[in-house]
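1. Sequence plus the predicted model coming up.
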Amino acid sequence: MVLRVKKKSRKYLGSRSWGVGNIKNARGSGDRGGTGRGGRKGKWTHTVVYEKDSIKKVGFAPWRKKNYSEINLGDISRNIEKLKKGNEIMLRNYKVLSRGSISVPVKISARAFSKKAEEKIKAVGGEAVKL
């Protein structure tokens, strides 16, 4: 296999110091900077991306997983004909978003609605019920 890009570490092959200056500097486990947040580069990026809760400053929102799925009005209007219940649609763990349009007055029960989605549903004569 052809080597396309050389690793940075290849330039240190054959040198005794391996980029740390005097050989004394890299002797023992004191060279590795501990196991916590100290030491080499890159750990701060990991903290900011994956451990935001550990930063005690203003401006970072805690990372939480969404407890709901999202569905657009266009998807609902396409599937209205397939539903046999008529004018009522029950969407328990869904948030209804406003992308697309709806032409039939329908009563939609969902966990949440965006403002525009509510306006579009009411403009047609439908009803948006939050669960």
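-> Arrived safely.
2. Report the secondary structure state of the closest residue to residue 100 other than its chain neighbours.
-> Counting by Cβ to Cβ, 6 or more residues apart in numbering, the nearest residue to residue 100 once its immediate chain neighbours are dropped is residue 74, at 2.1 Å. Just so you know, the C-beta spots here come from the backbone N, C-alpha and C atoms, and that holds for glycine as well. Classification of residue 74 by DSSP: H, G, I helix; E, B strand; the rest coil places it in helix.
3. Next, the contact list for residue 74, please.
-> For residue 74, the residues meeting the contact criterion (Cβ atoms under 8 Å, 6 or more residues apart in numbering) are 99-101.
4. And it, how close does it get to residue 129?
-> Using Cβ to Cβ, to the nearest Å, one obtains 20 Å as the distance from residue 74 to residue 129.
5. Output the below-cut-off pLDDT ranges for this structure.
-> 1, 29-43, 56-63, 83-86 (pLDDT under 70).
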